[in-house]
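Undergrad: Structure for this input, please:
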Amino acid sequence: MHQLHEKRGKKVVTHYFSHVKESDGTKRHVYLGTHPEKSKERLVKLRAARVSSDNPLVKEIDAAKSRLDTLAHYNRPYDDILSDVRERYAKQQHAGRIMSSQHSIPAYKYLMIIVAAALFGTGLFYVLSEPSITGAAVEAFDFAASNKIISGSFFMILAVVVLGIAVYAAQYRHEHRYDKYKPKE
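TA: Residues are numbered from 1 along each chain as shown. The predicted model follows:
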């Protein structure tokens, strides 16, 4: 292994190089870094990667090693592999929680209950709005009051329906925002 000393200010940094033989027999220089132990490890890895033999056992070992390298997390730090596993597990758990969350009464049923109650109230008002006391003054007042209440109740029902649709749309978007993480069947 060759060394090259470089002066950076008051510090001297040592760079490590070596020769590596290629498959065609030529040598080339390879930069191994500045850390001595890591550079020795890199040199050993480079030399081991370039070892070739005509022995069938060595060829079989090389083939098995290449298959294992494709299957395993080759040359990846342990923390990186662990973070990938944790992230995959968290996504799986989150998707499971989303899939298992079910409400007892969906939002459109709430809307139907509100509309039914409003219609029942309007019908009850019509039944009870018949004047029981006779007289022109009472009849005129009852007609004017029923017109205002009916028009008011119509606009209230319309407002409730619009608000119910808006709340249902918001709830649907909130509950289905992670649908892209669901497994496709």
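Undergrad: Is L32 in a helix, a strand, or coil?
TA: Classification of L32 using DSSP: H, G, I helix; E, B strand; the rest coil returns strand.
Undergrad: Who are the contact partners of G25?
TA: By Cβ atoms under 8 Å, 6 or more residues apart in numbering, the contact set of G25 is empty. The way it works is simple: take the backbone N, C-alpha and C, and place the C-beta from them, glycine included.
Undergrad: hang on, Y16 in a strand?
TA: Yes: secondary structure of Y16 (three-state DSSP): part of a strand.
Undergrad: pLDDT value on it, please?
TA: Among the per-residue scores, Y16 shows a pLDDT of 89.
Undergrad: Pretty sure L32 is one of the things it touches, is it not?
TA: Yes: when contacts are counted by Cβ atoms under 8 Å, Y16 is listed as touching L32 (4.3 Å).
Undergrad: which residues are common contacts for those two?
TA: Overlap between the neighbourhoods of Y16 and L32 consists of M1, S39, taking contacts as Cβ under 8 Å, 6+ apart.
Undergrad: hey, where'd the strands end up in this structure?
TA: Listed in chain order, the strands of the chain (DSSP state E) span residues 2-8, 11-21, 27-33.
Undergrad: Reformat those strands as JSON lines; add distance to A159 and mean neighbour count.
TA: Putting these into JSON lines (distance: least, Cβ to Cβ, whole Å; neighbours: other Cβ atoms under 10 Å) gives the following:
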{"stretch": "strand 2-8", "distance to A159": "74", "mean neighbour count": "9"}
{"stretch": "strand 11-21", "distance to A159": "75", "mean neighbour count": "13"}
{"stretch": "strand 27-33", "distance to A159": "72", "mean neighbour count": "13"}
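Undergrad: Looking at these, spot the one closest to A117.
TA: strand 27-33 (76.3 Å; Cβ to Cβ).
Undergrad: partners of the closest one in the sheet?
TA: strand 11-21 (antiparallel) (DSSP bridges).
Undergrad: The strand it pairs with vs strand 2-8, what angle?
TA: The directions of strand 11-21 and strand 2-8 differ by 150 degrees, with axes from the mean of the first three to the mean of the last three Cα atoms, to 10 degrees as the criterion.
Undergrad: Would you mind extracting the C-alpha trace of strand 11-21 into CSV?
TA: Only the C-alpha atoms of strand 11-21 are listed here, as CSV (Å, rounded to 0.1, in the frame of the first residue of the first chain):
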residue,chain,number,x,y,z
LYS,A,11,-2.2,19.0,9.8
VAL,A,12,-0.7,16.3,7.6
VAL,A,13,-3.3,14.1,6.0
THR,A,14,-2.2,10.7,4.7
HIS,A,15,-3.9,9.2,1.6
TYR,A,16,-3.6,5.5,0.9
PHE,A,17,-3.3,4.0,-2.6
SER,A,18,-2.6,0.6,-3.9
HIS,A,19,-2.1,-1.4,-7.2
VAL,A,20,-4.9,-3.8,-8.2
LYS,A,21,-4.5,-6.3,-11.0
